[in-house]
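Enquirer: Structural data only, the sequence is not supplied:
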């Protein structure tokens, strides 16, 4: 959750966001047995946590925004993971 929080905070600076999230994704290469698809396991719990935290403020618009945001973050993590050993 700290990674997601930091990623969301850096979204206003796309270069910082991409660098940070790619690095986090790449760092998971060091975790024995980790697979890129494991990143997606956080999507549903994250969205449930947002819904619970926001309560009445969780509107359809907010839901759509968070769906797009978490998808973008997770896709970026996967790219960082997949490109960790690729030549620049």
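Expert: Done, it's in. Note that the coordinates shown come from a computational prediction; the quantities given were computed from them, not determined experimentally.
Enquirer: Contacts for the lengthiest helix in the chain, please.
Expert: Ranked by residue count under DSSP state H, the longest helix found in the chain is helix 60-82. Counting by Cβ atoms under 8 Å, 6 or more residues apart in numbering, the neighbours of helix 60-82 from elsewhere in the structure are 4, 7-8, 11, 17-18, 21-26, 28-29, 36, 39-40, 42-43, 46-47, 50-51, 54. (C-beta placed from N, C-alpha, C; glycine too.)
Enquirer: if you set the cut-off to 10 Å instead, what comes out?
Expert: With Cβ atoms under 10 Å, 6 or more residues apart in numbering as the test, helix 60-82 has contacts from 3-4, 7-8, 11, 17-29, 31, 34-44, 46-47, 49-51, 54, 58-59.
Enquirer: Which SSE is immediately downstream of the helix or strand bottoming out on mean pLDDT in the chain?
Expert: Taking mean pLDDT, DSSP states H and E as the measure, the helix or strand of the chain with the lowest value is helix 2-9, at a mean of 90. If you walk from helix 2-9 toward the C-terminus, the next helix or strand you reach (DSSP states H and E) is helix 14-27.
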